[in-house]
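1. Give the three-dimensional model of this entry:
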Amino acid sequence: MPADDVDPFAVLPELSVLPAIIDLLADLSDAELHEFADTVRQMQSTRAIESGDHDAIIASAFEVAFGRDGLGVLPWVESNLVVCPGSMVSKSRANHRCRFISVDDEWVWDSGILLREDKRSSPGSTDGFRAVALLPLIDGTAIDVVSGRARSGQHSVEHVVSYEVRCGELVEVSQRSVNPRH
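-> Next up, the predicted model:
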């Protein structure tokens with residue numbers, strides 16, 4: 001094998017590739033650094049699209065992603081995806097409970113990174129629906145789980161749990177209850 005074909009990191013397996021990449025990144029201009037970050041996000045999105053059987057993940061999520069109250073549970077990571085359940089449970093036209101996901105300050109169904117969302121009618125006697133959305137696991141993505149209620153047609157947020165994707169994991173960064181009187 002010619003010397004030009006030798007992988008320097010294979011020759012010295014005890015060295016990590018990460019410090020070398022960090023050194024290379026430090027020398028990039030701001031524009032090149034932004035382009036690199038966009039490329040990394042695109043690669044993470046492509047891997048998420050290619051990973052796993054999305055039909056099976058969504059089918060499984062519809063079995064486990066909703067509590068006894070009918071509301072979606074908190075999101076989770078599966079493979080290179082964030083599984084985001086959402087739902088609305090109606091008692092009447094003017095009264096309902098709901099829990100939906102916001103991604104980088106947009107509702108999941110409006111998000112530019114949404115890979116897929118399936119929606120189904122709620123089982124049983126209550127009106128409403130359940131949805132499961134799949135997002136690529138992209139570092140830096142901000143995810144809010146917003147729980148709310150509508151009474152007499154007036155909608156209010158009751159609780160928000162905020163996450164951020166860090167190093168391929170979903171990390172809770174805050175929880176807050178919203179008091180409508182303040």
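2. Could you use CA atoms for every contact and neighbour count after this?
-> Will do.
3. can I assume Ile21 sits in a helix?
-> Yes. Using DSSP: H, G, I helix; E, B strand; the rest coil, the assignment for Ile21 is a helix.
4. how close does it get to Ala56?
-> 36 Å (CA to CA, to the nearest Å).
5. what about Asp38, how many neighbours?
-> 12 (other CA atoms under 10 Å).
6. Now do the contacts for the nearest residue to Cys98 once chain neighbours are set aside.
-> Leaving aside its sequence neighbours, Cys98 sits nearest to Met88 (CA to CA, 6 or more residues apart in numbering; 4.2 Å). By CA atoms under 8 Å, 6 or more residues apart in numbering, Met88 lies in contact with Gly70, Leu71, His96, Arg97, Cys98, Arg99, Gly128, Phe129, Arg130.
7. For those, give me JSON lines that also has secondary structure and pLDDT.
-> Converted to JSON lines, the contacts of Met88 look like this (DSSP: H, G, I helix; E, B strand; the rest coil; pLDDT from 0 to 100):
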{"residue": "Gly70", "secondary structure": "coil", "pLDDT": "90"}
{"residue": "Leu71", "secondary structure": "coil", "pLDDT": "93"}
{"residue": "His96", "secondary structure": "strand", "pLDDT": "90"}
{"residue": "Arg97", "secondary structure": "strand", "pLDDT": "92"}
{"residue": "Cys98", "secondary structure": "strand", "pLDDT": "94"}
{"residue": "Arg99", "secondary structure": "strand", "pLDDT": "96"}
{"residue": "Gly128", "secondary structure": "strand", "pLDDT": "89"}
{"residue": "Phe129", "secondary structure": "strand", "pLDDT": "93"}
{"residue": "Arg130", "secondary structure": "strand", "pLDDT": "95"}
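8. what two of those residues have the greatest distance between them?
-> His96 and Arg130 (13.2 Å; CA to CA).
9. So for the lengthiest strand in the chain, what gets flagged as buried?
-> Looking across the chain with DSSP state E, the single longest strand is strand 154-166. Across strand 154-166, burial judged by 16 or more other CA atoms under 10 Å covers Val157, Glu158, His159, Val160, Val161, Ser162, Tyr163, Glu164, Val165.
10. Would you agree Val89 falls within a strand?
-> Yes. Applying three-state DSSP, one finds Val89 inside a strand.
11. Surely Val89 is in contact with His96?
-> Yes. Using CA atoms under 8 Å, Val89 makes contact with His96 at a distance of 5.5 Å.
12. Tell me which stretches of the protein form strands.
-> With DSSP E as the definition, the chain shows strands at residue ranges 76-78, 81-90, 96-103, 106-107, 116-121, 127-136, 142-151, 154-166, 169-177.
13. From the contact counts, what lies against the last one?
-> Looking back up the chat, that one is strand 169-177. Contact analysis of strand 169-177 by 3 or more CA pairs under 8 Å, 6 or more residues apart in numbering; DSSP states H and E lists strand 76-78, strand 154-166 as its packing neighbours.
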